[in-house]
Structure formats: structure tokens, C-alpha cells
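Colleague: Pasting the sequence and the predicted coordinates here, then a few questions.
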Amino acid sequence: MDKTAHSLFLSGGFSMLRMKLRFCLVLALAFFFSSPASAIEKFRQPDLISFAAGYKDFNKDEPRREAADFRLEYRWGVSLLPQITSYFKSWDPYVQFHPFVGGEVTTVGQLYGLGGLAMDILIGNHGIITWSEGVGLFYGGDAFPMGSFVEFRSQVEVGWRFTNEMRLTAAISHISNAKITNRNPGAEIVSVYFHMPTSFLCGKK
């Protein structure tokens, strides 16, 4: 097998793997929305409204790429793994998976709406690392073309959980179309998130 064929083989294999992961994500979301309310409440963290501001394509000095990036997200507090089997209940103090939806806008006219899963790794009483994967619809605005109206986002956050359950995190994310089209420049964004329990907005404690 020559180098070109080998590269194409690897590219196709990784693309297929990513698509399978997205399919599993969709199934997990469907399972969440069909779960009995009593089972969901048992392992619940607070639902969160998340605000973020960031710098898109901070690592690229090219026209129509660098921009300010603003986000609004909703993260459900339900822990998904214990819905599969009670075995995962013992994981809850350390690792939890949560669904989320969100929207994103940049100062070069880009719009992005997505949904996905976030994995919280809880460190002690206050530390947190959150890895998330999402997929959604993308409008390019006046920015450098991203190659597709379907884009995937991978993100890692590191931050602090306060005693009132608010969170402050720093994040780095990558958005791309996973090579579903020939054009796939991708984008990297650094952000700062502020997460607020919905109970604060509703006036409940």
C-alpha cells in the first residue's frame, strides 16, 4: 500500500470512528429524554445556564478568522450513566455524563447551534475537569469558510466549583466538520465560562 492510499485509509477509518461516536451520542440523548422522571431526579446535579466569552482562531493570523466568540448553553444536571445500570451509581462522586444544548455567535457573523454530551470529572469538593463533544448546524457569516453547515465541537474545561454550585472554568475547543467535505480548516477557541444553577434565575434555593 503506497503512502497516499495509506493516508486515505487512515482518514476514512478515523472519520468512520467519529461518526460512530456521534451515533452513540444521539442514542444517549434519546435515552435521557425517555427516562422516567423519578430515576432522573435521583442522581441529579443542578441544571446550569452557562455563559462564555472567548477568542476564536487565536493561533491563526489570517484574514476573516480571528474573532470574539460568545456562547450561551444549557447543561442538564441529570447523571446519565446510572440510568443504564445502578452499577454506575458509585461513579457519581467522581465522573458524570450530562447532556447539553447551546448557541454560539462571533463578531464575524458566524452562528452555531449544537447539542451533545459533557463528562464531568469531579476533583475533591471544588475542582472540575469537563470534556464535551457536540454536533450542530453552522452558519459562516463573513468569516473564512468552514466547509460545511454541519460542524462538530470538542472541548476541555478546567475550573472551580463554588459552594453555591456556581462554576468558573477556562476552556479550549476545536470546531471542524470531521472531513465530511473536502474543505475542513477547523477553528480553535479559548474561552472563559461562568456556570450558574437555574435555581438562581428562578428564585429558588
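Modeller: Noted; the coordinates are in hand.
Colleague: which residues touch the helix or strand residue 120 falls within?
Modeller: Element membership for residue 120 (DSSP states H and E) is strand 111-123. Here strand 111-123 makes contact (CB atoms under 8 Å, 6 or more residues apart in numbering) with 25, 28-29, 45, 75, 80, 93-105, 128-139, 141, 151, 153, 161, 175. Backbone N, C-alpha and C define where each C-beta goes, glycine included.
Colleague: Mark which of the residues you listed are buried, thanks.
Modeller: 25, 28-29, 45, 75, 80, 96-102, 104-105, 128, 130, 132-136, 138, 151, 153, 161, 175 (16 or more other CB atoms under 10 Å).
Colleague: Now, the residues you listed that are in strands?
Modeller: Secondary structure defined by DSSP state E assigns 75, 96-102, 104-105, 128, 130, 132-136, 138, 151, 153, 161, 175 of the buried ones among the contacts of strand 111-123 to strands.
Colleague: Could you find the closest non-adjacent residue to residue 198?
Modeller: Nearest non-adjacent residue to residue 198, counting by CB to CB, 6 or more residues apart in numbering: residue 47, 4.5 Å away.
Colleague: Could you double-check that residue 101 lies in contact with residue 73?
Modeller: Yes: the criterion here is CB atoms under 8 Å, and residue 101 meets it with residue 73 at 6.9 Å.
Colleague: what about residue 202, neighbour count?
Modeller: 9 (other CB atoms under 10 Å).
Colleague: What of residue 194?
Modeller: By the criterion of other CB under 10 Å, residue 194 has 15 neighbours.
Colleague: can you check residue 52 too?
Modeller: So residue 52, with other CB under 10 Å, has 22 neighbours.
Colleague: Which residues are in contact with it?
Modeller: Counted by CB under 8 Å, 6+ apart, residue 52 has contacts 69-73, 171, 191-194.
Colleague: and the direction of the helix or strand hosting it versus that of strand 111-123, what angle?
Modeller: Secondary structure assigned from DSSP H and E places residue 52 in strand 48-56. If you take axes from the mean of the first three to the mean of the last three CA atoms, to 10 degrees, strand 48-56 sits at 110 degrees to strand 111-123.
Colleague: Just the mean pLDDT for strand 48-56, thanks.
Modeller: The average pLDDT within strand 48-56 is 97.
Colleague: Could I have the CA atoms of it written out in PDB?
Modeller: Provided in PDB are the C-alpha atoms of strand 48-56 (Å, rounded to 0.1, in the frame of the first residue of the first chain):
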ATOM      1  CA  LEU A  48     -26.800  25.000  34.700                       C
ATOM      2  CA  ILE A  49     -27.100  28.100  32.500                       C
ATOM      3  CA  SER A  50     -23.600  28.700  31.000                       C
ATOM      4  CA  PHE A  51     -22.200  31.900  29.600                       C
ATOM      5  CA  ALA A  52     -18.800  32.100  27.900                       C
ATOM      6  CA  ALA A  53     -16.700  34.700  26.100                       C
ATOM      7  CA  GLY A  54     -13.600  33.700  24.000                       C
ATOM      8  CA  TYR A  55     -11.200  34.300  21.300                       C
ATOM      9  CA  LYS A  56     -11.600  32.400  18.100                       C
END
